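Chemist: Build me a structure from this.
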Amino acid sequence: VTASCSGGTALSFPCSDGDLVGRLTTSQLNIRAFPGTPRGNDIWGWTDPETGVEYALVGTTEGTVFVSLADPVSPRVVGTLASATGTSTWRDLKTHGNYVYIVSEADGHGMQVFDLRQLRDVTGAPVEFEATGRYTGIGSAHNIVIDEDLPYAFVVGSTQSNFNCNGGGLHIVDLGRPTLPRLAGCFDSDGYTHDAQCVRYDGPDTDYTGDAVCFSSNGAFGNNDILSISNVSDVEHPVALSRTAYPFPGYAHQGWLTEDQRYFLMNDEFDESNGDYGSSRTRTLIFDVSDLDDPVYVGAYLSVLSTIDHNMYIRGNYIYQSNYESGLRIYELTDLANAELTFTASFDTFPASDEVSFGGQWSNYPFFESGLVIANDQSNGFFVLRSPGTTTAEEPTPDDAVRGLSAAYPNPFQQTTTLTLALDRSEDVRVAVYDLLGRDVARLFEGAGAAGSLLTLTFDGAGLSSGTYVVREVGETFAETRRLTLVR
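Modeler: Got it, this is the predicted structure:
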């Protein structure tokens with residue numbers, strides 16, 4: 001399968017300057033140990049240092065599928081590794097040297113170890129492989145974090161730890177003996193870590209040059225979501241360096257450093273689906289981490305879409321975002337000091353819709369030397385994409401692009417509450433507040449709204465009694481309502 005992006009599509013997939021090279025459907029990723037068709041989740045890549053062949057390591061609900069990209073137009077399943085226990089929506093995998101380490105939220109799964117050199121010269125593909133090793137110091141885990149420059153794996157979101165490391169933070173595993181991992185340390189004083197990036201630090205804060213530093217996205221469903229930075233050079237005694245919050249948190253999910261390690265870009269998985277978090281548009285949160293002890297939240301870039309952002313990675317001056325139902329979206333890091341990104345390209349692996357939903361593309365891997373980008377869609381399978389050019393383009397806006405009112409925040413409220421009004425086209429709009437008897441108690445906006453505008457509307461309940469009020473928005477082409485609760 002090869003299809004250039006032409007006229008906004010490649011085959012049936014919406015695109016902008018991104019070509020389809022090859023593809024495998026979910027049914028082609030089946031693992032025989034489990035009946036039925038799997039769903040995709042995480043994805044990573046490995047390049048054989050001896051042969052130069054690039055491989056996709058494709059996570060599914062059933063296990064891991066190893067795909068050779070020797071001919072990327074016709075990707076070939078070399079073999080599979082079944083889940084250590086049962087199936088699970090969540091599986092995550094990372095490589096260190098010639099080994100891949102795999103965790104899952106399947107109960108009792110632990111961490112599988114697989115020697116990737118077994119993928120060379122396979123006959124009778126696909127082969128049903130066995131794990132090379134298994135670490136059982138955890139039961140289940142949400143994610144795993146590895147940097148090739150550090151001799152450790154950082155398991156996050158783990159449960160059932162045998163070593164009194166049950167907070168879901170960094171469960172640090174020594175990979176010095178690749179097939180026999182062992183516990184090295186634990187850092188969970190900042191709470192549950194959903195995902196992280198740990199690096200051998202070489203950024204602008206010279207106090208920590210050469211240290212092992214972790215940048216963790218600690219999700220708490222809007223209660224205490226933070227970017228947590230810790231020094232894990234002494235794995236037995238990690239040190240918290242800073243905790244940085246951001247406005248309107250929903251669930252701090254995942255992020256990645258720029259290559260100069262000056263900025264950390266993070267996504268929030270719930271701010272779009274819970275509109276009371278300030279904006280229903282896809283937000284990319286930007287932190288200046290040039291001072292590790294005192295990071296600064298710079299601001300957020302808002303996409304024209306409202307799909308939920310999931311995993312994203314930075315290579316060079318570009319960020320590759322897997323934004324669930326809108327698929328892969330690529331932006332240039334234009335001016336991070338002012339929270340500015342510039343749309344470059346896209347490839348939508350889930351053409352059915354662009355809703356605020358948890359379906360569609362789970363993740364991507366943009367780090368192959370060949371320039372190929374691989375992506376894993378939960379419903380539509382594995383995609384090999386051509387890394388697009390670096391010219392900027394106008395970000396396409398679908399017919400159902402984000403528009404209308406966000407939910408109010410806070411709600412319930414005691415005095416004032418705030419909503420945002422987004423418009424995808426120019427039209428006259430009226431936003432008014434009514435009591436339950438239908439009486440007009442406030443006008444929040446009335447007039448012409450410009451295409452692409454995002455207006456902040458504040459409702460002051462001074463002088464009104466406690467109770468339920470209705471915000472009604474009426475435009476030329478649509479209408480909608482939101483409910484507010486005023487408490488005294």
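Chemist: residues near residue 185, how many?
Modeler: Residue 185 has 19 neighbours, counted by other C-beta atoms under 10 Å. Using the backbone N, CA and C atoms, a C-beta is placed for each residue, glycine as well.
Chemist: And the pLDDT at it?
Modeler: With respect to pLDDT, residue 185 has a value of 94.
Chemist: For it, give the beta-bridge partners.
Modeler: Applying DSSP bridges to residue 185 gives these bridge partners: residue 172.
Chemist: Tell me who's in contact with it.
Modeler: For residue 185, the contact set (C-beta atoms under 8 Å, 6 or more residues apart in numbering) comprises 170, 172, 232, 234, 235, 236, 237, 238.
Chemist: The fifth one sits in which helix or strand?
Modeler: With secondary structure defined by DSSP states H and E, residue 235 is part of neither a helix nor a strand.
Chemist: Skip the chain neighbours and tell me the closest residue to it.
Modeler: Of all residues not flanking residue 235 in the chain, residue 185 sits nearest, at 3.5 Å (C-beta to C-beta, 6 or more residues apart in numbering).
Chemist: Sketch out the low-pLDDT regions of the stretch 1-150 of the chain for me.
Modeler: Flagging of the stretch 1-150 of the chain using pLDDT under 70 yields the residue ranges 1.
Chemist: That one: strands as residue ranges?
Modeler: Applying DSSP state E, counting those that start in this stretch to the stretch 1-150 of the chain gives strands spanning 9-10, 13-16, 19-24, 40-47, 54-60, 63-68, 76-82, 91-96, 99-104, 111-115, 127-129, 133-135, 143-146.
Chemist: Those strands: which one's closest to residue 404?
Modeler: For the strands of the stretch 1-150 of the chain, the distance to residue 404 is smallest for strand 13-16, at 22.2 Å, taking C-beta to C-beta.
Chemist: quick one: the closest one to chain centroid distance?
Modeler: 20 Å (C-alpha atoms, centre = their mean, to the nearest Å).
Chemist: Who are the packing partners of it?
Modeler: strand 340-347 (3 or more C-beta pairs under 8 Å, 6 or more residues apart in numbering; DSSP states H and E).
Chemist: Pairing partners for the strand it packs on, with directions?
Modeler: Strand 340-347 is paired, per DSSP bridges, with strand 13-16 (antiparallel), strand 328-335 (antiparallel).
Chemist: need the ones you listed in a markdown table with mean neighbour count and distance to residue 117, can you?
Modeler: Shown next, in a markdown table, are the strands paired with strand 340-347 (neighbours: other C-beta atoms under 10 Å; distance: least, C-beta to C-beta, whole Å):
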| stretch | mean neighbour count | distance to residue 117 |
| --- | --- | --- |
| strand 13-16 | 22 | 34 |
| strand 328-335 | 22 | 30 |
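Chemist: closest to residue 115 out of the ones you listed?
Modeler: That would be strand 328-335 among the strands paired with strand 340-347, by C-beta to C-beta, at 30.2 Å.
Chemist: re the thing from before, in CSV, list the strands paired with strand 340-347 along with distance to residue 53.
Modeler: Listed next are the strands paired with strand 340-347 as CSV, based on distance: least, C-beta to C-beta, whole Å:
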stretch, distance to residue 53
strand 13-16, 26
strand 328-335, 23
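Chemist: Could you find the closest non-adjacent residue to residue 469?
Modeler: Distance criterion C-beta to C-beta, 6+ apart; nearest residue to residue 469, sequence neighbours excluded, is residue 484 at 4.6 Å.
Chemist: ok, residue 462 - contacts?
Modeler: residue 415 are the contacts of residue 462 under C-beta under 8 Å, 6+ apart.
Chemist: Confirm that it sits in a helix.
Modeler: No. Residue 462 sits outside any helix when classified using DSSP: H, G, I helix; E, B strand; the rest coil, being coil.
Chemist: Ramachandran coordinates for it?
Modeler: With angles defined as degrees, to the nearest 10, residue 462 sits at phi -60, psi 130.
Chemist: Repeat that for residue 338.
Modeler: According to degrees, to the nearest 10, residue 338 has phi -120, psi 20.
Chemist: So for it, what pLDDT did the model give?
Modeler: For residue 338, pLDDT reads 94.
Chemist: so it touches residue 299, yeah?
Modeler: Yes. At 7.4 Å, residue 338 and residue 299 qualify as touching, with contact defined as C-beta atoms under 8 Å.
Chemist: Those two: which has the busier surroundings?
Modeler: residue 299 (18 against 10).
Chemist: Pull out the buried residues from the contacts of residue 185.
Modeler: 170, 172, 232, 235, 238 (16 or more other C-beta atoms under 10 Å).
Chemist: Out of the residues you listed, which two sit at the greatest distance?
Modeler: 170 and 235, at 9.1 Å, using C-beta to C-beta across the buried ones among the contacts of residue 185.
Chemist: For burial, what's the neighbour tally of residue 438?
Modeler: 8.
Chemist: and if you look at residue 45?
Modeler: Around residue 45 there are 20 other residues, counting by other C-beta under 10 Å.
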